[in-house]
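**Q** show me the folded form of this:
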Amino acid sequence: MHTLAYSDTDQRLPAPAPLHFRHEQFLANTDFEWHIHPWGQINRISLGILELQLPERTLAAPAEYLVWIPAELPHAAHIRQALDYVSVYVAPGLAAQLPPQPCLIPQTPLLRALLDDFCQRGVTAMADEWDTLQAQLLVQRMVQAGSLDDYLPDSHDRLLRPLLHALRAEPGNNTTLAAWAAQVHSTERTLARRFQQQLGMSFAAWRNRVRLLQALAWLKAGRTVADIAAELGYATPSAFIAMFARHTGMTPERYRRQLLAARA
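**A** Alright, predicted model coming up:
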């Protein structure tokens, strides 16, 4: 990869003290080529899925998570749906408290409230001591919330990569692991073992995560539960509802109602 320079936008911005916010709106299927930032960056999207390409892997994040990218780390991005986007640059002193590697941080109710307050007020630079204290609390609570390396891990394994690519592109694909094994000239047992070794979960669990990410995006876009279930390859809506509830603790309709209440 060639040496990457900071964008003109980054070079014009003042250093975060201790945070600096950028508020933007993006159209569906927006791509960002490889780039770096001079400061650590917190990424927040309003809905759907943010996909980041890192030097060694792809990181996919639903809107329920913040994405932390350390300073100087090359990355590219893809945004599937039109959405509101917030980028928060973090001063080195506070960034040192966050993980040294890119990761996902769950948006707890308090983290969401702190960020919502900054966003609703349209804050860019810190205006006063209260903003600075709120910024410090935000980062402290991010540390407390813990982190995940990735919600939907990727692999460059020659046997797994075709499966992962196909399922990302078509989450409703119901091809069995045995049929996949035949396509890549392997065995079902070998693929099952590699899923556990490379991704830390079974084939079925990984496919369910792909489907859940897509379902979250479609629910926010207003599609019906029946349509989503059919598109994702479920024989009945009840089978989809059971999967969704198992992963989120609520039904799709309850999730949709909470979205509508949050927007009101």
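**Q** could you chop this structure up by domain?
**A** Listed domain ranges for the chain are 8-145, 160-263 (source: automatic domain parsing).
**Q** doesn't Leu47 belong to a helix?
**A** No: applying DSSP: H, G, I helix; E, B strand; the rest coil, one finds Leu47 to be coil, outside a helix.
**Q** state the distance from it to Trp218.
**A** Distance of Leu47 to Trp218, computed by Cβ to Cβ, to the nearest Å: 10 Å. All C-beta spots, glycine's among them, are computed from the backbone N, C-alpha and C.
**Q** now Ser7
**A** 32 Å.
**Q** about what we covered before: and the domains of the chain as a markdown table, adding distance to Pro153 and mean pLDDT?
**A** Listed next are these as a markdown table, based on distance: least, Cβ to Cβ, whole Å; pLDDT from 0 to 100:
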| stretch | distance to Pro153 | mean pLDDT |
| --- | --- | --- |
| domain 8-145 | 7 | 92 |
| domain 160-263 | 5 | 91 |
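**Q** before we move on, back to that, more crowded one of Ser7 and Trp218?
**A** More crowded of Ser7 and Trp218, by other Cβ atoms under 10 Å: Trp218, with 19 against 14.
**Q** returning to what we had before: need the domains of the chain in JSON lines with distance to Tyr151, can you?
**A** What follows is these, written out as JSON lines (distance: least, Cβ to Cβ, whole Å):
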{"stretch": "domain 8-145", "distance to Tyr151": "6"}
{"stretch": "domain 160-263", "distance to Tyr151": "7"}
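**Q** can you list contacts of stretch 85-97?
**A** 13, 15-26, 37, 39-46, 70-71, 79, 98, 115, 119, 135-136, 139-140, 143 (Cβ atoms under 8 Å, 6 or more residues apart in numbering).
**Q** fine, thanks again, bye for now.
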